[in-house]
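> The following comprises the amino acid sequence and a computationally predicted model.
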Amino acid sequence: MRLSLPKSSGPVAPRAAATQLTSWGVLVAISLCHMINDVMQSMLAAIYPLLQVEFQLSYTQIGIMTFAFQVTASLLQPLIGMATDRHPQPRSLPFGMVSTLTGVVLLALAHRYEMLLAGAMLIGIGSAVFHPESSRVARLASGGRFGTAQSLFQLGGNGGQAMGPLLAAFIVVPLGRPAVAWFAVAAALGAAILWQVGTWAEERRRASAASTDRTLRLPRKTVIRAIAVLAVLVFTKNIYSASMTSYFTFFTIEKFGLSTQGAQIMLFLFLVGMAGGVMLGGVIGDRVGPLTVIWVSILGVLPLTLALPHVGLVPTGILAVLIGLILASAFPAIVVFAQELVPGRTGMIAGLFFGFSFGMGGIAAAALGVLADARGIETVFLICSVLPVLGLLTVLLPRRTV
């Protein structure tokens with residue numbers, strides 16, 4: 001298969017980036033590969049009920065599996081991001097997908113809990129390699145539409161997360177865990193596409209490398225404070241997302257008596273909402289500014305999360321969609337805001353916000369598993385419902401990044 005990608009058109013001045021045409025073919029390709037990468041991740045969480053029965057897992061062991069995946073990615077992503085800011089390696093992208101492919105095969109063939117952990121960690125390594133460089137590619141291809149490009153890139157990821165539960169429900173559950181191995185075919189396709197994307201990105205990077213601006217546009221203390229605030233915002237949002245992706249199926253099974261397939265459809269509703277929110281957040285952010293989108297996300301989601309543990313089945317489904325939509329709208333806005341704060345550090349920012357903060361969400365998932373074993377799954381959602389209050393720290397962000 002040959003992916004037709006636009007050729008580089010020459011050097012790009014930092015302030016003239018917006019005059020370039022947006023490379024939609026590259027953005028669609030990298031978004032598709034993001035979808036493939038995140039299908040694997042989402043499928044891991046979606047088959048937890050199946051693994052729980054087959055391997056007699058406790059909630060604590062399930063939390064440790066989430067920890068193994070997310071913290072592996074967390075520890076590596078910022079390091080990979082900082083290294084590739086100095087020496088970009090877009091051709092490393094397909095090797096990350098090969099790691100994910102290997103992890104998926106291991107999950108399908110595992111006969112011990114330790115093998116499940118190893119498979120989760122390999123998927124985490126693949127994610128760690130993929131995100132910093134692919135986020136850089138999305139910015140290179142944006143043509144100055146940074147929010148839209150980031151949204152399209154993240155849309156692929158959220159779409160993949162939404163598809164994972166459905167694929168698990170209608171393929172893995174009826175056919176059994178060995179059917180997970182079929183997803184390796186998609187990973188192989190993603191590796192082939194990423195090889196061509198990496199070649200395009202290397203050409204564009206060489207053309208624009210001499211004009212990259214790395215000068216801070218705000219005082220260093222202001223930048224450090226703002227990055228810390230943004231990291232806390234993403235951390236709290238990721239804790240809530242981790243509670244949903246890891247335990248929402250169990251919550252709906254326990255509270256409403258749903259089947260495994262019915263519970264996975266409920267999780268799908270939340271993930272579909274996130275996919276829609278992540279696209280809207282970047283597009284709207286390009287028009288009204290990322291800070292406005294961050295504020296709307298914070299103020300809009302809190303009453304919905306507070307209501308979720310106390311309503312019936314149908315309102316729970318509706319709230320799941322709305323919470324996902326509003327919660328996810330802030331993600332591309334936060335990434336773009338951070339990238340503007342620290343010019344030329346796209347890999348580091350991607351590693352920090354896609355890696356470190358997601359890893360902290362993994363630690364939280366493990367802790368929430370212990371809490372669920374001790375106090376029940378509803379207690380987890382009661383505690384997580386108040387987390388969006390921390391979003392009020394947005395008041396500490398500078399009004400402008402330049």
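Structure received.

> For residue 353, see how far away residue 242 is.
Going from residue 242 to residue 353 by CB to CB, to the nearest Å gives 15 Å. (Glycine included, C-beta is placed from N, CA and C.)

> how about the helices of the stretch 1-150 of the chain, start to end?
Using DSSP state H, counting those that start in this stretch, the helices found in the stretch 1-150 of the chain span residues 24-46, 48-55, 59-86, 93-109, 113-140, 146-167.

> can I get these in CSV with mean neighbour count, mean pLDDT and distance to residue 370?
Shown next, in CSV, are these (neighbours: other CB atoms under 10 Å; pLDDT from 0 to 100; distance: least, CB to CB, whole Å):
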stretch, mean neighbour count, mean pLDDT, distance to residue 370
helix 24-46, 24, 89, 17
helix 48-55, 17, 87, 16
helix 59-86, 22, 82, 5
helix 93-109, 22, 92, 23
helix 113-140, 24, 90, 17
helix 146-167, 26, 83, 24
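
> Make TSV out of those helices and add distance to residue 383.
Compiled in TSV, the helices of the stretch 1-150 of the chain are given as follows (distance: least, CB to CB, whole Å):
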stretch	distance to residue 383
helix 24-46	19
helix 48-55	20
helix 59-86	14
helix 93-109	30
helix 113-140	25
helix 146-167	23
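
> looking at those helices, which is closest to residue 176?
helix 48-55 (8.4 Å; CB to CB).

> for the closest one, packing partners?
Secondary-structure packing of helix 48-55 (3 or more CB pairs under 8 Å, 6 or more residues apart in numbering; DSSP states H and E): helix 59-86, helix 113-140, helix 220-256, helix 260-288.

> Pull the residues that contact it.
Counting contacts by CB atoms under 8 Å, 6 or more residues apart in numbering, the residues outside helix 48-55 that touch it are 57, 62, 65, 113, 116, 168, 172-173, 177, 246, 249-250, 253, 260, 263.

> same question, stretch 182-197
By CB under 8 Å, 6+ apart, the surrounding residues in contact with stretch 182-197 are 1-3, 5, 26, 29-30, 32-33, 36-37, 39-40, 43, 90-91, 93-98, 100-101, 104-105, 108, 137, 167, 171.

> In contact with the residue lying closest to residue 285 once chain neighbours are set aside: list those residues for me.
What sits nearest to residue 285 in space, not counting adjacent residues and going by CB to CB, 6 or more residues apart in numbering, is residue 147, at 3.9 Å. Listed by CB under 8 Å, 6+ apart, the contact set of residue 147 reads 281, 282, 283, 284, 285, 286, 290, 332, 333, 336.

> same check, this time on residue 157
Residue 157 sits in contact with 34, 35, 37, 38, 278, where contact means CB under 8 Å, 6+ apart.

> Residue 398 is in contact with residue 218, correct?
Yes: in this structure, residue 218 is within contact of residue 398 by CB atoms under 8 Å, at 6.2 Å.

> what residues do those two have in common as contacts?
residue 226.

> Show me the one of the helices of the stretch 1-150 of the chain that comes nearest residue 301.
Using CB to CB, the helices of the stretch 1-150 of the chain put helix 146-167 closest to residue 301, at 15.7 Å.

> so how far is the helix or strand following that closest one off the chain centroid?
Using DSSP states H and E, the helix or strand that follows helix 146-167 in sequence is helix 173-175. Centroid separation between helix 173-175 and its chain, computed with CA atoms, centre = their mean, to the nearest Å, is 27 Å.

> same check, this time on stretch 82-95
Relative to the centre of its chain, stretch 82-95 is centred 19 Å away, using CA atoms, centre = their mean.

> neighbouring contacts of it?
Defining contact as CB under 8 Å, 6+ apart, one finds that stretch 82-95 is touched by 33, 129-130, 132-134, 136-137, 190-192, 194-195, 197-199, 201-202, 205, 344-348, 351.

> Just the element for residue 337, please.
In this structure, residue 337 is located in helix 313-341 according to DSSP H and E.

> what residues does the helix or strand just after that helix touch?
Heading C-terminal from helix 313-341, the first helix or strand you meet, by DSSP H and E, is helix 346-350. Contact partners of helix 346-350, identified using CB under 8 Å, 6+ apart, comprise 77-78, 80-85, 88, 131-136, 139, 335, 338-339, 342.
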